[in-house]
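Enquirer: model this:
(2 chains)
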Amino acid sequence: MSVGQAFDAWKALVGRDLLTEARTMRSLPAMVLFAVTTFVIFRYGLDRTQLSGSLAGGVLWTTLLFAAVLGINRLFVSEREEGGFDAFRLTPAPANVLLAAKVTSLFVYLVVLELIVVPIFALFFLPEFSSLLPLVAVLLLANLGFSLLGTVVSSMAVNSTARDLIVPLLLLPLVVPLMIAVTGASAPLFGPEGPGYERFGEWLMVAALYDGVFLLVGYAVFEFLLED
Amino acid sequence: MVSVLTVLFLVVGFGLVFFWTPMDADQGFKQKIFYLHVPLAIVALAGFIAAGVEGYRHIRTGDARHDLNSYVFIHISVVFGVAVLVTGAIWAQASWGKWWVWEEPTLVSFLIVFLLYCTYYPFRYAIEDRDRQARYASVFAITAGVFVPLNFIAVRMAESVIHPRVFATAEGGLPPSMMWTFLVCFAGIALLWVTLVKLELVGKRVNGQMSRLRRSLGEESAPAPGTRRVSPQAEV
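Expert: Residues are numbered from 1 along each chain as shown, chains lettered A, B, ... in the order given. Got it, this is the predicted structure:
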């Protein structure tokens, strides 16, 4: 299969995923609702009406991570329940096309989620919004990591008898290094005296290293998750 | 043979710990847990990485023996991991007065790795098809094996370094008596790991043979309810 054909297959798969999501709204509304409710719970759990520094980073990233888990849980459900895996195996496309397509779909879900939820977070808790622009870089690197790990973990969990349990169980310890990096980068951004950039580049490098390593791992192992 | 060596090294090693090594000038007698804690941690982590290598060989060759090795490596290393966390907590209490110290990157990294490998069991048991179970478990072993060093980098960066640096310090590291004792203890613990792995593999082989004999005698091969076998079995 040529690169162009693989690209077409990738486009078809991503288009299918996004169209299905747009029509059924199976994951995204739940993720958004979950995130906003979690903010409200943090407001009372921490008893704060304004957040800054590592506390703001912690609330934002914890919420985004758990909202992402909801989407990751459902990522391969239609493949499993409606024969998508078999259909994909009938095509000559290599397994990694499906990996790339699912990573892309999940990445898009997370971007949409953040476009809605991060401004709400800022309105709820932040005194001023100048930290949001540099935060975009952190969000994108985190999304890539969540998408890669999420796709691998979701495809591992979808064929087990306890899908909803396995995804968070496997995913949470695996993303700890990424969470360390992104919270480390965003804590100074939410500083009380405007955004700071202490060790910002260093933490972005760690996040990028993490993404790179798991990109290779995903590429190496994914075909074995698809065999039957 | 290995088991005899294990006993020999462990007895000699701990003999040296108590009767030969000097008292640590700073920590005194408490420092002696170092000869147990550090070898356990290194052996457990090496076991996790070796399990990843076996997992890789399993998905490359499809040979179920590698999956069995990977399973047993992880199993014994998780058991060692419990011992690492307990001895680490005791050492932390002895030298810093607290059972758990979050600023201590090596111990925290180890906890994260340990938590990840604990999920190996529920994950493996949740997949019913045997081939798929073996394949997915190997993918887990590879992913987690890659994760181990990455995790240590991230956690170390996040924390100040207060772990006792026993090997390479500015003052010149270990005196020879401590170094030799450490090496003997390390060899003892590594041999203990090998012995336990071998024991576990023999157990699996015996189980496999037993159920084959039962089947050939025409007995019901389905396991009794509640004892559904989930670990891989050696094919003889």
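
Enquirer: flag every residue of chain B that's near chain A.
Expert: B:59, B:112-113, B:115-116, B:119, B:122-123, B:126-129, B:132, B:135-136, B:138-140, B:142-144, B:146-147, B:150-151, B:153-155, B:157-158 (CB under 8 Å from any CB of the partner chain). All C-beta atoms are positioned from the backbone trio N, CA, C, and that covers glycine.

Enquirer: show me the contacts for the spatially most central residue of chain B.
Expert: Centrality entry for chain B: nearest residue to the mean C-alpha point is B:Ser77, 2.0 Å, by CA atoms, centre = their mean. With CB atoms under 8 Å, 6 or more residues apart in numbering or on different chains as the criterion, the residues that contact B:Ser77 are B:Val43, B:Ala44, B:Leu45, B:Gly47, B:Phe48, B:Ala51, B:Tyr117, B:Trp193.

Enquirer: let's see that with 6 Å instead.
Expert: Listed by CB atoms under 6 Å, 6 or more residues apart in numbering or on different chains, the contact partners of B:Ser77 are B:Ala44, B:Gly47, B:Phe48.

Enquirer: which SSE is it in?
Expert: Assessed by DSSP states H and E, B:Ser77 sits inside helix B:64-96.

Enquirer: and the helix ranked longest in chain A, how far out from the chain middle?
Expert: For chain A, the longest helix by residue count, based on DSSP state H, is helix A:95-125. Relative to the centre of its chain, helix A:95-125 is centred 6 Å away, using CA atoms, centre = their mean, to the nearest Å.

Enquirer: quick one: buried residues of that helix?
Expert: Neighbour counts over helix A:95-125 (16 or more other CB atoms under 10 Å in any protein chain shown) mark A:95-110, A:112-114, A:117-118, A:121-122, A:124-125 as buried.

Enquirer: mean confidence for that helix?
Expert: In this model, helix A:95-125 carries a mean pLDDT of 94.

Enquirer: pLDDT weak spots in chain A?
Expert: Applying pLDDT under 70 to chain A picks out residues A:228.

Enquirer: mind listing the helices in it by residue range?
Expert: With DSSP H as the criterion, chain A has helices at A:3-24, A:28-46, A:53-73, A:77-81, A:84-90, A:95-125, A:132-157, A:163-189, A:200-226.

Enquirer: among those, which is nearest B:Pro39?
Expert: Closest to B:Pro39 of those is helix A:163-189 (CB to CB; 24.3 Å).

Enquirer: relative orientation of that closest one and helix A:53-73 in degrees?
Expert: Orientation check (axes from the mean of the first three to the mean of the last three CA atoms, to 10 degrees): helix A:163-189 against helix A:53-73 gives 150 degrees.

Enquirer: any idea how far helix A:163-189 is from the chain center?
Expert: Centroid separation for helix A:163-189 versus its chain: 10 Å, with CA atoms, centre = their mean.

Enquirer: does it reach chain B?
Expert: Yes: part of helix A:163-189 sits close enough to chain B to count as contact by CB under 6 Å from any CB of the partner chain, namely A:Ile166, A:Leu169, A:Leu170, A:Pro173, A:Val176, A:Pro177, A:Ile180.

Enquirer: most neighbours among these, which one is it?
Expert: Of all those, the highest neighbour tally under other CB atoms under 10 Å in any protein chain shown goes to A:Pro177, namely 26 neighbours.

Enquirer: list the residues that contact that one.
Expert: For A:Pro177, the contacting residues are A:Tyr210, B:Leu150, B:Asn151, B:Ala154, by CB under 6 Å, 6+ apart.

Enquirer: what pLDDT does the third one get?
Expert: It refers to B:Asn151. Value for B:Asn151, per-residue pLDDT: 87.

Enquirer: pull out the buried residues from the contacts of B:Ser77.
Expert: Buried among these by 16+ other CB under 10 Å: B:Ala44, B:Gly47, B:Phe48.

Enquirer: angle of the host helix or strand of the second one against helix A:200-226?
Expert: Yep, that's B:Gly47 we're talking about. With elements taken from DSSP H and E, the one containing B:Gly47 is helix B:34-61. For helix B:34-61 against helix A:200-226, the angle by the same axes, to 10 degrees is 50 degrees.

Enquirer: buried set for helix B:34-61?
Expert: B:34-41, B:43-45, B:47-59.

Enquirer: other SSEs contacting the helix of greatest length in chain B?
Expert: Ranked by number of residues, the top helix in chain B under DSSP H is helix B:176-216. The contact analysis (3 or more CB pairs under 6 Å, 6 or more residues apart in numbering or on different chains; DSSP states H and E) places helix B:176-216 against helix B:2-19, helix B:34-61, helix B:64-96.

Enquirer: any idea of the mean pLDDT in it?
Expert: 88.

Enquirer: what's around the spatially closest residue to A:Gln5 that is not a sequence neighbour, how many residues?
Expert: Counting by CB to CB, 6 or more residues apart in numbering or on different chains, A:Gln5 lies nearest to A:Ala93, which is 7.7 Å off, once chain neighbours are set aside. Using other CB under 10 Å, A:Ala93 is surrounded by 19 other residues.

Enquirer: how far away is A:Ala93 from chain B?
Expert: With distances defined as CB to the nearest CB, to the nearest Å, the gap from A:Ala93 to chain B amounts to 20 Å.

Enquirer: pretty sure that residue contacts A:Phe7?
Expert: No: the pair formed by A:Ala93 and A:Phe7 falls short of the contact definition of CB atoms under 6 Å, at 10.3 Å.

Enquirer: next to chain B in this structure, residues from chain A, please.
Expert: On the criterion CB under 6 Å from any CB, chain B has as its neighbours in chain A the residues A:156, A:160-162, A:166, A:169-170, A:173, A:176-177, A:180, A:206, A:213, A:217, A:221, A:224.

Enquirer: ok so, going back, by contact count, what packs against the longest helix of chain A?
Expert: Counting contacts by 3+ CB pairs under 6 Å, 6+ apart, helix A:95-125 is packed against helix A:3-24, helix A:28-46, helix A:132-157, helix A:200-226.

Enquirer: tell me how many other residues surround the closest residue to B:Leu36 other than its chain neighbours.
Expert: Across the structure, with CB to CB, 6+ apart as the measure, the residue nearest B:Leu36 apart from its sequence neighbours is B:Thr87 (5.6 Å). B:Thr87: 17 surrounding residues under other CB under 10 Å.

Enquirer: now do B:Thr87 against A:Phe66, distance only.
Expert: In this structure, B:Thr87 and A:Phe66 are 34 Å apart, going by CB to CB, to the nearest Å.
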